[in-house]
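Student: give me the fold of what follows.
(chains A and B)
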Number of protein chains: 2
Amino acid sequence: MIKAVFSALLVLVAVTSTFGKYIPKTGKRIPQTLSRGWGDQLIWAQTYEEALYWSRSRNKPLMVLFHLEDCPHSQALKKVFSENNEIQKTLDEKFIVLNLMYETTDKHLSPDGQYVPRIIFVDPTMTVRADITGRYANRMYAYEPGDIKLLSSNMAKALKLLKSEL
Amino acid sequence: MIKAVFSALLVLVAVTSTFGKYIPKTGKRIPQTLSRGWGDQLIWAQTYEEALYWSRSRNKPLMVLFHLEDCPHSQALKKVFSENNEIQKTLDEKFIVLNLMYETTDKHLSPDGQYVPRIIFVDPTMTVRADITGRYANRMYAYEPGDIKLLSSNMAKALKLLKSEL
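Tutor: Got it, this is the predicted structure:
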């Protein structure tokens, strides 16, 4: 008897929690996250404007990460990136982070082209750190999964902030 | 015995699934969603550039919604907005949607100021529909929870696309 009441309650809870909520014809979707899998525990800026504002006001460098969901190179880097505790911790504590699937109107963010994956650092003075590059001469801001240590040392470079004019 | 093995397995699964994952000092966070509570089942654009691209390529009007998490007017509107099935269904099927907490550099999106909540429609021809307004003369693009029917009829207006030049 108690079991039956409990079951009925469970059903009731299930019904009321979905009652009236819009569900697409194609079925319920998992809400998209701002992280897009690059670090669910990080606080991601939504737009470049927002990221610049945070970077300036908190005096932290910004990492902008361009990627695409259907790009296998992006996905391979994402796996290593999101599972690397040291990188995740440093980004969370010392950086502003932004991941984008569409280019911005700011050409400084694509010094040598609009490819993915591409990682650009920006100083809190709003200067794009074009000097912080990966290991590929034809795609200077690209990183492969094997380059994660280089990325880590580039993050350390970005943390040495340019001299503020203030 | 079987129960014990099963329990051990469960523990193992729980341990391995969290093993090695970065957790902030302040505790585990719930990943932020792009919807920010304005409709978890909708597919939200992340940036204005992205939203404009989708709007043009799919020939659907764009709704841009400016809001703030710590603004009670935004929160009150969000509750009514996210729980309104008709609005959610129409947005999902016939609109491109974008919600922003930071202003863009495009001044056309703030015809009479940068207040929140503020809802601006953009035609697929990339024309801001400054003619689609709410009921407040001093904040023409603001909506209160009681204005949800007006918002609905404004959505219908936005669906009557401006004549394309093509």
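Student: count of neighbours near A:Ile120?
Tutor: For A:Ile120, the number of neighbouring residues by other CB atoms under 10 Å in any protein chain shown comes to 22. Just so you know, the C-beta spots here come from the backbone N, C-alpha and C atoms, and that holds for glycine as well.
Student: scratch that, A:Lys107 is what I was asking about
Tutor: Per other CB under 10 Å, the neighbour tally for A:Lys107 reads 10.
Student: next up, phi/psi of it, please.
Tutor: phi -70, psi -20 (degrees, to the nearest 10).
Student: what does A:Asp112 give?
Tutor: Backbone torsions of A:Asp112, given as degrees, to the nearest 10, read phi -130, psi 30.
Student: who's in contact with stretch A:46-55?
Tutor: For stretch A:46-55, the external contacting residues (CB atoms under 8 Å, 6 or more residues apart in numbering or on different chains) are A:34, A:45, A:60-62, A:64, A:96-98, A:100, A:104, A:106, A:109, A:122-124, A:126, B:34, B:46-48, B:100-105.
Student: so A:Gly134 is in contact with A:Lys149, correct?
Tutor: No: in this structure, A:Gly134 is not within contact of A:Lys149 by CB atoms under 8 Å, at 11.4 Å.
Student: ok, these two, which is more surrounded?
Tutor: When A:Gly134 and A:Lys149 are compared for neighbours, A:Gly134 comes out ahead with 18 against 11, by other CB under 10 Å.
Student: what comes up buried for stretch A:59-76?
Tutor: With burial defined by 16 or more other CB atoms under 10 Å in any protein chain shown, the residues of stretch A:59-76 counted as buried are A:Lys60, A:Pro61, A:Leu62, A:Met63, A:Val64, A:Leu65, A:Phe66, A:His67, A:Cys71, A:His73, A:Ser74.
Student: pLDDT of the helix or strand harbouring the fourth one, averaged?
Tutor: In this structure, A:Met63 is located in strand A:62-66 according to DSSP states H and E. Along strand A:62-66, the predicted confidence averages to a pLDDT of 98.
Student: report the buried members of the contacts of stretch A:46-55.
Tutor: A:34, A:45, A:60-62, A:64, A:96-98, A:100, A:104, A:109, A:122-124, B:34, B:46-48, B:100-104.
Student: which ones among these lie within helices?
Tutor: Among these, the residues falling in helices (DSSP state H) are B:Tyr48.
Student: tell me the bridge partners for the most centrally placed residue in chain A.
Tutor: Closest residue to the average C-alpha location of chain A: A:Asn99 at 3.8 Å, with CA atoms, centre = their mean. For A:Asn99, the beta-bridge partners under DSSP bridges are A:Leu65.
Student: enumerate the residues of chain A near chain B.
Tutor: With CB under 8 Å from any CB of the partner chain as the criterion, chain A comes near chain B at residues A:20-24, A:28-29, A:31-35, A:39-41, A:43-44, A:46-50, A:53, A:83, A:85, A:88-89, A:92, A:100-105.
Student: now, those that are in strands?
Tutor: Those of the residues of chain A next to chain B mapping onto strands are A:Trp44, A:Leu100, per DSSP state E.
Student: just the buried residues out of the residues of chain A next to chain B, in ChimeraX syntax.
Tutor: In ChimeraX, this line selects whichever of the residues of chain A next to chain B come out buried by 16+ other CB under 10 Å:
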select /A:22,31,32,33,34,35,39,40,41,43,44,46,47,48,49,50,88,89,92,100,101,102,103,104
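Student: where does pLDDT dip in chain A?
Tutor: Within chain A, the segments meeting pLDDT under 70 span A:1-19, A:164-166.
Student: what about the helices in it?
Tutor: For chain A, helices defined by DSSP H occupy the ranges A:2-18, A:48-58, A:72-83, A:85-94, A:148-159.
Student: can I get the fourth one in CSV, CA atoms only?
Tutor: Coordinates of the C-alpha atoms in helix A:85-94 are reproduced here as CSV (Å, rounded to 0.1, in the frame of the first residue of the first chain):
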residue,chain,number,x,y,z
ASN,A,85,42.9,19.9,-14.6
GLU,A,86,45.8,22.2,-14.5
ILE,A,87,44.5,24.2,-17.5
GLN,A,88,41.0,24.2,-16.2
LYS,A,89,42.1,25.4,-12.8
THR,A,90,44.4,28.2,-14.1
LEU,A,91,41.7,29.4,-16.6
ASP,A,92,39.1,29.4,-13.8
GLU,A,93,41.2,31.3,-11.3
LYS,A,94,43.3,33.6,-13.5
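Student: report the angle between the axes of it and strand A:62-66?
Tutor: Inter-element angle recorded for helix A:85-94 and strand A:62-66: 130 degrees (by axes from the mean of the first three to the mean of the last three CA atoms, to 10 degrees).
Student: hmm, back to that, which one of the buried residues of stretch A:59-76 is nearest A:Ala158?
Tutor: Closest approach to A:Ala158 among those (CB to CB): A:Pro61, at 4.3 Å.
Student: which ones are touching the closest one?
Tutor: Counting by CB under 8 Å, 6+ apart, A:Pro61 touches A:Ser55, A:Lys94, A:Phe95, A:Ile96, A:Phe121, A:Val122, A:Asp123, A:Pro124, A:Arg129, A:Ala158, A:Leu159, A:Leu161.
Student: ok, A:Phe81 next?
Tutor: A:Phe81 sits next to A:Trp38, A:Gly39, A:Ile87, A:Ile148, A:Leu151 when contact means CB under 8 Å, 6+ apart.
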